[in-house]
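Asker: curious how this folds, go ahead:
(chains A and B)
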Protein chains: 2
Amino acid sequence: MSTSLNAPYHHGNLRQALLEAALIILQKEGEAGLGLRDLARAVGVSPAAPYRHFDSRAALLEALAVTGFQRFAASMEAVAASNPKDPMAAMGRTYVTFALENPNLFRLMFSPQLKKDGRPGLKMAADAAFETLRHVVGGDVGTCRIKALAAWAKVHGLAILLLDSQIALRAGEDREALIAEIVGSL
Amino acid sequence: MSTSLNAPYHHGNLRQALLEAALIILQKEGEAGLGLRDLARAVGVSPAAPYRHFDSRAALLEALAVTGFQRFAASMEAVAASNPKDPMAAMGRTYVTFALENPNLFRLMFSPQLKKDGRPGLKMAADAAFETLRHVVGGDVGTCRIKALAAWAKVHGLAILLLDSQIALRAGEDREALIAEIVGSL
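Answerer: Numbering: from 1, shown residues only, chains lettered A, B, ... in the order given. You can find the predicted model right below:
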């Protein structure tokens, strides 16, 4: 039996289905388009069903941000492992590319409205993403934190400046090449 | 004669008085608190008077962002000149400090809603601020642009991560010292 969007969900996979549908809505319409009732309709369940998994819209947004950080960390880890010669540059490019390909999710993950204090699950997911970076930076613990924060600031800034259209490309300039050059100058 | 906020303005200084009052409102209340009528009241002129200088609220916001970039560039230039041993680090600290001290103005200056394309005055002011950075980076024109963009990305990212409460300070850690260390690792 195929699991079409309108098929009934077994207990245990509705949460995941809601998250996947919410990620699609977030990508297409932005955070403003995300309500638990719209989400129920998109997944084909009763309006009350999402509340079994998410107390509130804020809880849904938090779960989306957690999912975002998990995928973000996984893709940075994967790319670092497959680029042993320069894992930092590979991670940096992946960081910026993730932001440009998932702008609404990226902004949600780093939204000041979604404070990490008081949301231990989100804080853990965000810290784990930073840890993948810190692990690749290596070195001793003290200077390592500063170096990792500096590398983070640089790729985060580049992502935001590009997302916010602050860096004007020159005629014929390739965005990917520019990202690689800037990230490579770490 | 003193020029109190309620004194009549000579032709020619009302624009500046409106901008100064608008900067204060922006700092205190954020962009949402800024309307041309509120501004007229704050400065003590007729509701129509601001329209002699700003066509619309958008024109006022643009003029504020231009003023922001001019002051930003001037303070970066001044600090670079007075720190000849490491002008880059001094500019970087000034960049981040400006953002933290003027969060609403900083966000307005880099707002994607206030597109620099089609606003030549704003584009010129923003480009001039970037030029102060590029000038200090030095070197030849090609690699100089990449190095300047990389330095910009780093200080911009650090400013945004701090403004958005994404970097958690450790117990007893001093924010200024952390900024200096991260910027110094350029």
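Asker: which bits of chain A sit near chain B?
Answerer: A:110-112, A:115-116, A:126, A:146-147, A:149-150, A:152-161, A:163-168, A:178, A:181-182, A:185-186 (C-beta under 8 Å from any C-beta of the partner chain). Using the backbone N, CA and C atoms, a C-beta is placed for each residue, glycine as well.
Asker: which parts of chain A are helices?
Answerer: A:14-29, A:36-43, A:57-81, A:87-101, A:103-109, A:120-137, A:141-163, A:175-184 (DSSP state H).
Asker: got the CA coordinates for the last one in PDB?
Answerer: The C-alpha coordinates for helix A:175-184 follow below in PDB (Å, rounded to 0.1, in the frame of the first residue of the first chain):
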ATOM      1  CA  ARG A 175      28.200  33.100  -6.900                       C
ATOM      2  CA  GLU A 176      29.500  29.600  -6.100                       C
ATOM      3  CA  ALA A 177      33.000  30.500  -7.100                       C
ATOM      4  CA  LEU A 178      32.900  33.700  -5.000                       C
ATOM      5  CA  ILE A 179      31.700  31.700  -2.000                       C
ATOM      6  CA  ALA A 180      34.500  29.200  -2.400                       C
ATOM      7  CA  GLU A 181      37.100  31.900  -2.700                       C
ATOM      8  CA  ILE A 182      35.800  33.800   0.400                       C
ATOM      9  CA  VAL A 183      35.500  30.600   2.400                       C
ATOM     10  CA  GLY A 184      38.900  29.400   1.200                       C
END
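Asker: can you pull the buried residues of it?
Answerer: Buried residues in helix A:175-184, counted by 16 or more other C-beta atoms under 10 Å in any protein chain shown: A:178-183.
Asker: just to revisit the earlier point, any chance of the helices of chain A in CSV, with mean pLDDT too?
Answerer: As requested, the helices of chain A are exported to CSV (pLDDT from 0 to 100):
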stretch, mean pLDDT
helix A:14-29, 95
helix A:36-43, 92
helix A:57-81, 96
helix A:87-101, 96
helix A:103-109, 97
helix A:120-137, 93
helix A:141-163, 92
helix A:175-184, 94
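Asker: ok so, going back, what is the nearest of the buried residues of helix A:175-184 to B:Asn104?
Answerer: Nearest to B:Asn104 among those: A:Ile182, at 27.9 Å, using C-beta to C-beta.
Asker: gap between the closest one and A:Lys154?
Answerer: Distance, A:Ile182 to A:Lys154, using C-beta to C-beta, to the nearest Å: 8 Å.
Asker: residues contacting the residue in chain A that chain B sits nearest to?
Answerer: Residue of chain A nearest chain B, by C-beta to the nearest C-beta: A:Gly157 (2.6 Å). Residues in contact with A:Gly157, defined by C-beta atoms under 8 Å, 6 or more residues apart in numbering or on different chains, are B:152-160.
Asker: ok, and the closest non-adjacent residue to it?
Answerer: B:Gly157 (2.6 Å; C-beta to C-beta, 6 or more residues apart in numbering or on different chains).
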